[in-house]
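Student: sequence unknown, structure follows:
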């Protein structure tokens, strides 16, 4: 199981995350591309950190929503979605090449990610954007009971997929993440580590109503926005390495 984390989301004088503390403990860095967070200097510094620690880099495109940190849905047309995704991926791809790195995958951010999982038309547009890129790139999406269907959609579009699970989020019975507006949506550290252990040893998670849900995940999303989160990532790293 690989560990991935959303990084490079600072913008100007506004600081987000603890990238330098997180980077040594992860395998994949999902780097913001400027639409929800990240600016040219932040992208450069984040890529330098990834290069220093041998971390694989992925593009983390979003809706054009700096004010809302990409967490608000936008009613973009199919053509706008394709252009927005390709624009952001191209920016990070070019910056990565300047540092001798190769962009390896695409993981949408925030509302764009949620809409991709919930709306077939958004998912189709994102897949079309990646399929139309000048070289192959896998798409990272959430592992759910519908993963095989999503794999088939991606195959029809001519792309490959990576499926991710979440360390710190509670799952609804349908396999989606429990809304942050509901109690218990984000696990405390003991429940987070228990969920990681369950994923590693059994390939399952326990849902909000205590049902057991099987997830076929390639990578595990972790978050390091504060020192407590960074310590949790270290503990998760230890669990993964011991598995």
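Tutor: It's in. What you are looking at is a predicted structure, and each value in this text was computed from that prediction instead of being measured.
Student: for this structure, which helix is longest?
Tutor: helix 78-98 (DSSP state H).
Student: tell me the mean pLDDT for that one?
Tutor: Taken as a whole, helix 78-98 has an average pLDDT of 98.
Student: for that helix, buried residues please.
Tutor: Residues of helix 78-98 classed as buried: 81, 82, 84, 85, 86, 88, 89, 91, 92, 93, 95, 96 (neighbour count, 16 or more other Cβ atoms under 10 Å). From N, CA and C alone the C-beta is placed, and that goes for glycine too.
Student: leaving out sequence neighbours, find the closest residue to residue 125.
Tutor: Closest residue to residue 125 apart from its sequence neighbours, by Cβ to Cβ, 6 or more residues apart in numbering: residue 81 at 4.0 Å.
Student: what's the helix or strand for residue 5?
Tutor: Residue 5 is part of strand 2-7, with elements assigned from DSSP states H and E.
Student: quick one: contacts for the residue nearest the centre of the chain?
Tutor: When Cα atoms, centre = their mean is applied to the chain, the residue found nearest the centroid is residue 107 (4.9 Å). Shown in contact with residue 107 (Cβ atoms under 8 Å, 6 or more residues apart in numbering): 4, 30, 58, 59, 60, 113, 139, 140, 141, 164.
Student: just checking: what are the partner strands of the helix or strand that the fourth one is a member of?
Tutor: Per DSSP H and E: residue 59 is located in strand 56-60. Using DSSP bridges, the strands paired with strand 56-60 in its sheet are strand 28-32 (parallel), strand 103-106 (parallel).
Student: hmm, back to that, per-residue confidence for the residue nearest to the centre of the chain?
Tutor: Reported pLDDT for residue 107: 98.
Student: likewise the one 10 residues further on?
Tutor: Looking at residue 117, its pLDDT stands at 96.
Student: now do the contacts for the residue lying closest to it once chain neighbours are set aside.
Tutor: Leaving aside its sequence neighbours, residue 117 sits nearest to residue 142 (Cβ to Cβ, 6+ apart; 5.4 Å). Residue 142 is in contact with 113, 117, 163, 164, 165, 166, 176, 177, counting by Cβ under 8 Å, 6+ apart.
Student: include distance to residue 197 and secondary structure when you put those residues into JSON lines, please.
Tutor: What follows is those, written out as JSON lines (distance: Cβ to Cβ, whole Å; DSSP: H, G, I helix; E, B strand; the rest coil):
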{"residue": "113", "distance to residue 197": "25", "secondary structure": "helix"}
{"residue": "117", "distance to residue 197": "25", "secondary structure": "helix"}
{"residue": "163", "distance to residue 197": "19", "secondary structure": "strand"}
{"residue": "164", "distance to residue 197": "17", "secondary structure": "strand"}
{"residue": "165", "distance to residue 197": "12", "secondary structure": "strand"}
{"residue": "166", "distance to residue 197": "14", "secondary structure": "strand"}
{"residue": "176", "distance to residue 197": "22", "secondary structure": "coil"}
{"residue": "177", "distance to residue 197": "19", "secondary structure": "strand"}
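Student: correct me, but residue 141 touches residue 164?
Tutor: Yes. With contact defined as Cβ atoms under 8 Å, residue 141 counts as touching residue 164 (7.3 Å).
Student: quick one, strands of the protein?
Tutor: Assignment of strands within the chain using DSSP state E yields the ranges 2-7, 28-32, 56-60, 103-106, 139-142, 161-166, 204-206, 212-214, 219-222.
Student: low-confidence stretches in this structure?
Tutor: For the chain, no stretch is flagged by pLDDT under 70.
Student: what's near enough to touch residue 97?
Tutor: With Cβ under 8 Å, 6+ apart, residue 97 has these contacts: residue 103.
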